[in-house]
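# Give me coordinates for this.
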Amino acid sequence: MGTARWSSVVDRDVRPYAIVSGNRAEEKRRRFSDKEIEILLRTRWWDRPDVYLRAHLGAICGKDIKALDYASGVLEAEGR
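Numbering: from 1, shown residues only. Here you go, the predicted model:
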């Protein structure tokens, strides 16, 4: 789930939400804070049904991690 810049040579796993670049790619920065990454990994939004993704597209695209975390908790409480 990391992002590699154009012409990067990635020869090992990349941490979630890391941005790497270079010939022998090195991590340059993270897209989110450690806390936000923890929430994103816990919500597993990529495993959710299309209905969930469409309903929460604003939170996903707008980087509203707290809203996404709340929506995920509501679904789990409802047994979905």
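# So Glu27 is in contact with Asp13, correct?
No. Glu27 is beyond contact range of Asp13, at 11.0 Å (criterion: CB atoms under 8 Å). (Each C-beta comes from the backbone N, C-alpha and C, glycine too.)
# neighbour count winner among those two?
Taking other CB atoms under 10 Å, Glu27 and Asp13 do not tie; Glu27 has more neighbours (13 against 8).
# Which of the three states applies to the more buried one?
When classified by DSSP: H, G, I helix; E, B strand; the rest coil, Glu27 comes out as strand.
# what's the nearest residue to it if we skip its chain neighbours?
Ala18 (4.8 Å; CB to CB, 6 or more residues apart in numbering).
# Now that neighbour: phi and psi?
phi -90, psi 150 (degrees, to the nearest 10).
# do you know how far it is from Lys35?
Distance, Ala18 to Lys35, by CB to CB, to the nearest Å: 15 Å.
# Who has more neighbours out of the two?
For Ala18 versus Lys35, the count of surrounding residues by other CB under 10 Å is larger for Ala18: 20 against 9.
# what's the spacing between the more buried one and Lys66?
Ala18 is 22 Å from Lys66, where distance means CB to CB.
# and what of Val14?
Per CB to CB, Val14 is found 25 Å from Lys66.
# Name the SS class of the residue at minimal distance from the centre of the chain, please.
Nearest to the geometric centre of the chain sits Leu40, at 5.2 Å (CA atoms, centre = their mean). Per three-state DSSP, the local secondary structure of Leu40 is helix.
# show me where pLDDT drops low in the protein?
1-6, 74-80 (pLDDT under 70).
# Break it down into its domains, please.
1-31, 33-80 (automatic domain parsing).
# How about the residue sitting furthest away from the middle of the chain, nearest residue that isn't a chain neighbour?
What lies farthest from the middle of the chain is Asn23; by CA atoms, centre = their mean that is 24.6 Å. Distance criterion CB to CB, 6+ apart; nearest residue to Asn23, sequence neighbours excluded, is Val9 at 5.0 Å.
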